[in-house]
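Trainee: Predicted model follows, preceded by the sequence.
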Amino acid sequence: MRFNPKARLDTRRTRDVGRSSGGGRSRGGLPSSGRRGGSSLPIPGGVAGGGGVVAVIIAVGFFVVTQLMGGGSGLDPSGGSLDASRFEDTDRYAACETGEDANESTDCARVAVENSLYDYWGDTLGSDFRPADSLVTFSGQVGTGCGAASSAVGPFYCPADDTIYLDSGFFDEVLERQLGGPDGGFVEAYVLAHEYGHHVQNVLGTMGRVRTQQGASSDAVRLELQADCYAGMWARGATATEDSSGTALFSELTDQDITLALEAAASVGDDRIQQQTQGQVDEESWTHGSAAQRQRWFRVGFDGGDLTDCDTFAARSL
């Protein structure tokens, strides 16, 4: 993965809040992380919430925190944009100005990927598009529109404030060391594209279709596989994305980059994680799909798929 040195980066939607003790609005919050098989890993949280609002925590590896109405009929209407006043930006991304910076810095590469996702989905969705409000990096704990979240949660998208949250240490500490996933620049790009896929689902109203939350053919699994498919769509079109002046953001995306994305998708398949942490596979508790399914749906998007092809809710076989 190489970025165009001449591209200009836009850091307005990317911020870092450093180490935080959390805070912010809570709508039932996130479940605490747990232990299985002696390993401290992000754990499926089930359902938590109060009143008519249900916070569905769909997890292992990459969480999507979806605020659904009690009957699953739609998003929580009281959700809003990110309250940036809750955060004190560390200026971590202030020096990220060009594609050359992105080639030299993981932080700036993160900004470039966000810019590419913004451009791709803006073109793909047209007038239906609204950008994710922010990409927020943190360590320790962070307050979100979906409640307080710790680093143990892993990368996640909160629709209540249209924001992607990421502890950048997740890739080395959890994905690579604990889950045996790959290490490489495009691994994080795949994760960010998956989370942005959840934002696209929020924009298109797909999250309101989630009724069943566990099981190999559950709506939760279909939601996650669709986000993988959307990530594949972006990966296919990434080299055509541009900065605000029309300059290409990417100069190269290789077969090895796509291989890393596929390896990362497999490493967070429910069957892989369960086998590693529990020594057995229980399909009835799946929330994301198997390694093979996650790879397959990324491929559907990458091999020329469009929004219709990525309709996992209509698919008879996952």
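Mentor: Great, that's in hand.

Trainee: residue boundaries of the strands in this protein?
Mentor: Taking DSSP state E as the test, the strands found in the chain are 2-3, 14-21, 34-36, 39-41, 46-50, 53-58, 63-69, 134-144, 147-150, 156-158, 163-166, 250-252.

Trainee: least reliable of these going by mean pLDDT?
Mentor: By mean pLDDT, the lowest-scoring of the strands of the chain turns out to be strand 46-50, with a mean of 23.

Trainee: worst-scoring helix or strand of this structure, pLDDT-wise?
Mentor: Sorted by mean pLDDT, DSSP states H and E, the helices and strands of the chain end with strand 46-50, the least confident at a mean of 23.

Trainee: for the protein, which residue is closest to the average position?
Mentor: In the chain, the residue lying closest to the centroid (CA atoms, centre = their mean) is Glu195, at 1.9 Å.

Trainee: So it sits against Cys158, correct?
Mentor: No - using CB atoms under 8 Å, Glu195 is not in contact with Cys158, being 10.0 Å away. Quick note: C-beta positions are derived from backbone N, CA and C, even for glycine.

Trainee: since we're on Ala292, how many residues are nearby?
Mentor: Look at Ala292: counted by other CB atoms under 10 Å, it has 14 neighbours.

Trainee: ugh, wrong one, I meant Arg316
Mentor: For Arg316, using other CB under 10 Å, the count is 5.

Trainee: now Leu225
Mentor: Look at Leu225: counted by other CB under 10 Å, it has 25 neighbours.

Trainee: in the stretch 101-250 of the chain, which segments are predicted with low confidence?
Mentor: For the stretch 101-250 of the chain, applying pLDDT under 70 flags the ranges 171-184.

Trainee: mind listing the helices in it by residue range?
Mentor: Assigned by DSSP state H, counting those that start in this stretch, the stretch 101-250 of the chain shows helices spanning 106-125, 170, 185-204, 219-237.

Trainee: Kindly reformat those as CSV containing distance to Ser244.
Mentor: Below are those laid out as CSV (distance: least, CB to CB, whole Å):
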stretch, distance to Ser244
helix 106-125, 9
helix 170, 29
helix 185-204, 18
helix 219-237, 18
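
Trainee: Kind regards, and thank you for your time.
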